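Novice: Predicted coordinates and the sequence they were generated for:
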Amino acid sequence: MKALSLRTLGQAYLVVLLLLATILSPLPYSPAALVLLTVTLLLFYRSRYPRLRVAITLATMFLLPLALEQLLGYLADTGLLSTASLSLGVFALMPAQGIAAIAALPAIYLLDSGLKESTQSPDPTGELKPGRSVTATTTSLFVSAFVMLFVSIVISSPTLFLTSAILTLYLLVVLVRVLGAVPVLAIDMPVIEKRVIAGSTTDIDLRPVSRASTRLVSTIVPIEPWVKAWPMSFSLDGTGAQLLLSVTPPLAGPSRPQVRVSVVDPRGLVRVDQVVEPVALHVIPRATYAEWLAMRYLEQTGTRGTVVSTAPEPSPMPKRGTEYFDSRGYQPGDELRRVDWKHTVKLNQLTIKEFVEAGGRTVIIGVNLSVSDTEEADRLAFDLITTALTLAQETVPTSLAAYNHEAVILTTTPIDPREMLKQALALVNSITLVEPGGRVLQPADISRLRRNIVRLKEATSQPAQQLMQILDFEYQAIEEAARNHPATLALSRATERVPPPATIFLVSRLNNDAEAIMVATEKLSRRGFVTIPLETTR
């Protein structure tokens, strides 16, 4: 409240002086004083522009003494100054230039207050300059003071020279104090050790400690894209601060992720940039964690695992149940009451809701053992083992269709879920790293492609027929490539041993098998098989 009162008094003091300068000073000082007076009054009632207030205060510091000097000269010429100086004591011995410069001293306090209000968090996108440096604000203030010093010498203005010298002295004193209060390493960040599974997200509490003897305005920005910090901007004083660091480390990521911390003093004159490593991560591969879970389950169940009976009797289509499982395209003979109107409108295609009896479906795990890097290998092993483990815990009859980019690796009939889990653990050793031959952004939609061909066949125009031939050529090429693909062969062999209705859990990165999967699953859906890519179940 006291600081607010001093600031208000200082602003009122400058307003009075600017008003006097506007009324009594000669040209060109009178119009300039009027402009500064108008802007000062506007900023007095609107405090949303602290940086503009600093600039106006700085301009007032340089203009006001010059206007007051002219005003005092006018009073001296009229004899009013000699009469008034009798009651001014020591000021009667000072020249008009000194009185004019001293009269503008309250602007120093307003400038200091404005700098504190306008200080913002350091820009995290700027160039990293480790260590301590002066900010653009400091440079601008010193440049303004030195320019005015030079101008005062050129125009031989003692008043302007004295005012610029006072401002320069103030800046030097404040800068020296700030440099003494803010060390080169302004932040201490205690290192926290954390165990985390690769690809999983964990939150870590950080408690940065300030080594400065003044308040710091701080910004924290993680350098690694898989690290996030909240809040990014905060104030740091003797009590410290509490931050939240969220990490989702990849398998090949660094174990000590770096974060950039930038701080400035309360006036925004000095900036310190640091790169710290607040966390020591012990990253556990997903596959290792999944294997540990599977081995623990096998040890706990022992020989008590129940042998699962064979699959249900064959039937041409899934039986009607009470539990919603999935939506699929319309097929002749489907009941209209099973239409999924929401998806029909969204996809512009007649879609049918599919219901099953709880626990009534056999599951086929289709897995592509070809990956492009170690990160994908780790994710694939985790997905395969956890899928088999979940089905084993639910005692769901399970079959397996494993393949890579060259051949079918293994297909089975529905077997004991515990044995299936052992098979999954063994298959992890068959994961193959393959150099990617190309990148497919989006596989072709076989159903949509076939519908477009049918529609174009009904058209009689030559462009439509040409487009139909192009699409038909694409469709035939995809069919031909998919016919002998290992994915097609593996799923065909597995579904021959598992009568519908059944569900195919597809564990694949959809790299070399994307189009073959689209063709095979589209045909299998007509027989009553539902395919669920594992990504859609998360």
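Specialist: Ah, there it is.

Novice: ok, Gln393 - contacts?
Specialist: Tyr297, Pro417 (CB atoms under 8 Å, 6 or more residues apart in numbering). Yep, even glycine has a C-beta here, placed from its N, CA and C like the rest.

Novice: next one: phi and psi at it?
Specialist: phi -60, psi -30 (degrees, to the nearest 10).

Novice: Where does Tyr127 sit: helix, strand or coil?
Specialist: Wrong residue type there; residue 127 is Glu, not Tyr. Secondary structure, DSSP: H, G, I helix; E, B strand; the rest coil: Glu127 is coil.

Novice: do you know how far it is from His343?
Specialist: 50 Å (CB to CB, to the nearest Å).

Novice: Look at the two and report which has more neighbours.
Specialist: His343 (17 against 6; other CB atoms under 10 Å).

Novice: Can you give me the buried ones in the host helix or strand of that one?
Specialist: If you go by DSSP states H and E, His343 is part of helix 341-347. Within helix 341-347, the residues that count as buried by 16 or more other CB atoms under 10 Å are His343.

Novice: what sits against the nearest residue to Asp237 once chain neighbours are set aside?
Specialist: Once flanking residues are discounted, Asp237 sits nearest to Arg215: 4.6 Å by CB to CB, 6 or more residues apart in numbering. Neighbouring residues of Arg215 by CB under 8 Å, 6+ apart: Ser235, Leu236, Asp237, Asp265, Pro266.

Novice: so where do the strands sit in the stretch 1-150 of the chain?
Specialist: Assigned by DSSP state E, counting those that start in this stretch, the strands in the stretch 1-150 of the chain fall at 131-134.

Novice: all helices for it, in order.
Specialist: 2-24, 29-45, 50-78, 80-85, 96-103, 106-118, 136-154 (DSSP state H, counting those that start in this stretch).

Novice: looking at those, which has the lowest confidence?
Specialist: Lowest mean pLDDT of the helices of the stretch 1-150 of the chain: helix 80-85, a mean of 45.

Novice: For the helix holding His343, give me every contacting residue.
Specialist: Applying CB under 8 Å, 6+ apart, the contact partners of helix 341-347 are Ser327, Leu350, Thr351.

Novice: wait, the last one sits on Arg338?
Specialist: No. Using CB atoms under 8 Å, Thr351 and Arg338 do not qualify as a contacting pair, with a distance of 9.6 Å.

Novice: Would you mind telling me which of those two has more residues around it?
Specialist: Here Thr351 and Arg338 are set side by side on neighbour count (other CB under 10 Å), and the busier one is Thr351, at 20 against 14.

Novice: How many residues are close by Leu510?
Specialist: 15.

Novice: Correction: the previous question concerned Ser399.
Specialist: Ser399 has 23 nearby residues by other CB under 10 Å.

Novice: got it, and Ser447?
Specialist: Neighbours of Ser447 (other CB under 10 Å): 14.

Novice: where exactly do the strands run in the stretch 151-300 of the chain?
Specialist: For the stretch 151-300 of the chain, the strands defined by DSSP E, counting those that start in this stretch occupy 187-188, 192-197, 202-206, 209-210, 216-222, 227-230, 233-236, 243-247, 259-264, 270-276, 279-284.

Novice: One more: the stretch 401-538 of the chain?
Specialist: Going by DSSP E, counting those that start in this stretch, the stretch 401-538 of the chain shows strands at 408-411, 432-433, 502-507, 529-533.

Novice: Show me the one of those strands that comes nearest Pro225.
Specialist: Nearest to Pro225, of all the strands of the stretch 401-538 of the chain, is strand 432-433, at 24.0 Å by CB to CB.

Novice: Show me what that closest one is packed up against.
Specialist: strand 370-371 (3 or more CB pairs under 8 Å, 6 or more residues apart in numbering; DSSP states H and E).

Novice: tell me, what residue is most central in the protein?
Specialist: Lys228 (6.8 Å; CA atoms, centre = their mean).

Novice: May I ask you to confirm that that one is in contact with Pro257?
Specialist: No. Using CB under 8 Å, Lys228 is not in contact with Pro257, being 10.8 Å away.

Novice: ok, back up a step: so which of the contacts of Arg215 sits lowest on pLDDT?
Specialist: At the low end of pLDDT for those is Asp237, which has 82.

Novice: List the contacts of that residue.
Specialist: Counted by CB under 8 Å, 6+ apart, Asp237 has contacts Ser210, Arg215, Leu216.

Novice: Equivalent analysis for Gly240, please.
Specialist: Neighbour list for Gly240: Arg207, Pro208, Val209, Ser210 [criterion: CB under 8 Å, 6+ apart].

Novice: Could you report the neighbour count for the first one?
Specialist: Arg207: 13 surrounding residues under other CB under 10 Å.

Novice: now the helix holding His343, how far from the chain's geometric center?
Specialist: Averaged C-alpha coordinates place helix 341-347 at 33 Å from its chain's average position (CA atoms, centre = their mean, to the nearest Å).
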